[in-house]
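Q: need coordinates for the below:
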Amino acid sequence: MPLSRRGSGTLTTPGGQHLAIHTRTQDDETLPHATKRTMADHLRRLETLFTLTPQRLRMITHAFRETLDLGLEKKEQVVPMIPTFVFGWPTGQEKGDYLAIDLGGTNLRVCLVHLQGQGKFEVTQSKYRLTEEQKQDEGQKLFDFCAESLKTFIDSNSGEDGILNIEPGQNLPLGFTFSYPCRQDSIDHGVLIRWTKGFGAPNTEGHNVAEMFQKSLDKFELPVTLTALINDTTGTLIASHYVHPDTRIACIFGTGCNAAYMEHVKDVPKIKDLGIDGDLDMAINCEWGAFDSFEHEHLPRTKYDIIIDESSNKPAEQAFEKLISGRYLGEIMRLVICELIDDGILFLGQNTYKVEVPNALDTALVSLMESDPTDELLMIIGIMSHFFALETTLAERQFLRAIARLIGRRAARLSACGIGAIVGKMGYLESGCNVGCDGSLYNKYPGFAGRIQEGLVDIYGEKARNIYTHHAEDGSGVGSAIIAAMTKARKDAGVYVHL
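A: Sure, this is the predicted structure:
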């Protein structure tokens, strides 16, 4: 039989024996093979697809700002711009013990936060891994798991040797970080608009998740009061300001993506009927991962992005998130690799079935590929060999690193458009501001922060150097606790107690 371009085969000898063969044809002149030239040709094509010019960035930022304004003006918009009922900034003097529970995209985290004032705090926490089955199981079961994990945490940290000393009849304030878009009518109420980050628990969308969680808390008879339902991005905004008072915006660049900032109540027309003093400020949870969903008018989607969107559990939704978040960057690169395999450019004559499995390439591996510091790119050798049983030439490894760089750079520069839209809207360009950023992409992906800065300069010129991004404080734990403290103080003072 003729040798296969990809994979293994068999060869029959004149004696009738069947021998297994493994083809590797990079250096075999009788078979198709990749050369630096053909890789260079394809790299130029990919550069065209994934590179964003300054003009394109400015156009996206302009459309982004218009979308944010629309979300503040009207309800039920694609980017919902959710009022959080977190009024104003923390004083930095909040003190006391507060519980926080964070239902994230990967883990459930339970924290006891001891606020010490003056921007200082101590955190004790436990993590519980979420299974894919739990993400798709009945919604009430998911909240039962949250309450049961909280009970385990309280029980294990109580008693003579524990850090928790809850008196009989005493309830600790609890901040619940629920990092999925909810419509909120008050700070302890939230109707789930839609699941993101791969969750799909039925009988949850359209329901008040605070009420569902309270039902689970009552089931386990826990000594807590659900004081605040917040998004992790809102928590990041408040926690970062608690420690760095010049923080004005917070962003998450991780499994998902989002931003929050402090808006003037008078500039949020859709909540005028609530009678809130227009001179107050309120944190807004943008939920900007939905930017350009459904219509797809502004973002530069490639065929790889479209494949990911159409095969996702929420087609046409979360368009911005699918181009920039850690949940998707690895899959974008995997689809590029598969196309190059089919075109006879990479891994000739090898069995490539492992890399052809959807979501087989994690974004963390893409990050390692780009950051490989060795001349021979030994990190990439290890990744391709260990995870995919593929041998690579140096030219292939250089090509893979270049692809990783293109995908990561596009994500960071698009992220700059969202930050730029808020900066422009709030007039922070002249005065400057700090942007607290958290999430695995910002913290671990090589060059991500620098590329955001580069994108901002391309959008606004040298004035953009007044905008600083920095590693944010723990929003889902510390921020949630601070907001619980702020809310308790506000309601104890009789200020908008119904909100």
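Q: CA only for contacts and neighbour counts going forward, please
A: Will do.
Q: quick test: name the residue nearest the centre of the chain.
A: Centroid-nearest residue in the chain: residue 256, 2.2 Å away (criterion: Cα atoms, centre = their mean).
Q: buried residues, the helix or strand containing residue 452. List them.
A: Assigned by DSSP states H and E, residue 452 belongs to helix 448-460. With burial defined by 16 or more other Cα atoms under 10 Å, the residues of helix 448-460 counted as buried are 448, 449, 451, 452, 453, 454, 455, 456, 457, 458, 459, 460.
Q: tell me which other helices or strands that helix touches.
A: On a contact count with 3 or more Cα pairs under 8 Å, 6 or more residues apart in numbering; DSSP states H and E, helix 448-460 meets helix 54-73, helix 394-426, helix 440-444, strand 467-471.
Q: between the longest one and helix 448-460, how big is the angle?
A: Which is helix 394-426. Between helix 394-426 and helix 448-460, the angle comes out at 50 degrees (axes from the mean of the first three to the mean of the last three Cα atoms, to 10 degrees).
Q: which non-adjacent residue is nearest the residue nearest to the centre of the chain?
A: Nearest non-adjacent residue to residue 256, counting by Cα to Cα, 6 or more residues apart in numbering: residue 325, 5.2 Å away.
Q: separation between the one you found and residue 157?
A: 35 Å (Cα to Cα, to the nearest Å).
Q: ok, the residue nearest to the centre of the chain - contacts?
A: Contacts for residue 256 (Cα atoms under 8 Å, 6 or more residues apart in numbering) come out as 105, 196, 197, 289, 321, 325, 326, 327.
Q: which one among the residues you listed gets closest to residue 427?
A: Top of the list for closeness to residue 427, among those and by Cα to Cα, is residue 289 at 22.6 Å.
Q: circling back: ok, the residue nearest to residue 256 touching residue 251?
A: No. At 11.9 Å, residue 325 and residue 251 do not qualify as touching, with contact defined as Cα atoms under 8 Å.
Q: return every residue with contacts to both of the two.
A: Counting by Cα under 8 Å, 6+ apart, the shared contacts of residue 325 and residue 251 are residue 257.
Q: now do the helix holding residue 452, average pLDDT.
A: In this model, helix 448-460 carries a mean pLDDT of 97.
Q: could you look up the SS state of the residue lying closest to residue 363 once chain neighbours are set aside?
A: In space, and not counting its chain neighbours, residue 363 is closest to residue 330: 4.0 Å by Cα to Cα, 6+ apart. Secondary structure, DSSP: H, G, I helix; E, B strand; the rest coil: residue 330 is helix.
Q: neighbours of residue 330, how many?
A: 23 (other Cα atoms under 10 Å).
Q: same question, residue 364
A: Using other Cα under 10 Å, residue 364 has 16 neighbouring residues.
Q: and it, that one's in a strand?
A: No. Remark: residue 364 does not belong to a strand; assigned using three-state DSSP, it is helix.
Q: can you tell me how far it is from residue 319?
A: Plainly put, residue 364 is 21 Å away from residue 319 if you go by Cα to Cα.
Q: one more: residue 304?
A: Look at residue 304 and residue 319: by Cα to Cα, they are 13 Å apart.
Q: when these two are compared, which one has more neighbours?
A: Under the criterion of other Cα under 10 Å, the comparison of residue 304 against residue 319 puts residue 319 first, with 24 against 16.
Q: contacting residues around stretch 402-412?
A: Stretch 402-412 is contacted from outside by 43, 46-47, 50-52, 323-325, 329, 332-333, 366-367, 369-370, 445, 448-449, 451-452, 455, using Cα under 8 Å, 6+ apart.
Q: repeat that for 6 Å
A: The contact list for stretch 402-412, computed with Cα atoms under 6 Å, 6 or more residues apart in numbering, reads 324, 366, 370, 448, 451, 452.
Q: okay, that stretch in CSV with CA atoms only?
A: This file holds the C-alpha atoms of stretch 402-412, laid out as CSV (Å, rounded to 0.1, in the frame of the first residue of the first chain):
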residue,chain,number,x,y,z
ALA,A,402,4.3,32.0,16.1
ILE,A,403,0.7,30.9,15.9
ALA,A,404,0.4,31.0,19.7
ARG,A,405,1.8,34.5,19.7
LEU,A,406,-0.8,35.7,17.0
ILE,A,407,-3.8,34.2,19.0
GLY,A,408,-2.6,35.6,22.3
ARG,A,409,-1.8,39.0,20.9
ARG,A,410,-5.2,39.3,19.3
ALA,A,411,-6.9,38.4,22.6
ALA,A,412,-5.0,41.1,24.5
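Q: quick one: average pLDDT of stretch 202-221?
A: In this model, stretch 202-221 has a mean pLDDT of 95.
Q: er, stretch 231-250 I mean
A: 93.
Q: buried residues, that stretch. List them.
A: Here stretch 231-250 shows 231-245, 247-250 as buried, counting by 16+ other Cα under 10 Å.
Q: quick check: mean pLDDT across stretch 143-157?
A: Across stretch 143-157, the average pLDDT comes to 93.
Q: which parts of that stretch are buried?
A: In terms of neighbour count (16+ other Cα under 10 Å), stretch 143-157 has its buried residues at 143, 144, 145, 146, 147, 148, 149, 150, 151, 153, 154, 157.
Q: may I ask which helix or strand of the protein has the lowest mean pLDDT?
A: strand 18-22 (a mean of 40; mean pLDDT, DSSP states H and E).
Q: can you name the next helix or strand after it?
A: Assigned by DSSP H and E, the successor of strand 18-22 is helix 36-50.
Q: okay, the angle between that following helix and helix 394-426?
A: 10 degrees.
Q: please name every helix or strand in contact with helix 36-50.
A: Using 3 or more Cα pairs under 6 Å, 6 or more residues apart in numbering; DSSP states H and E, no helix or strand is in contact with helix 36-50.
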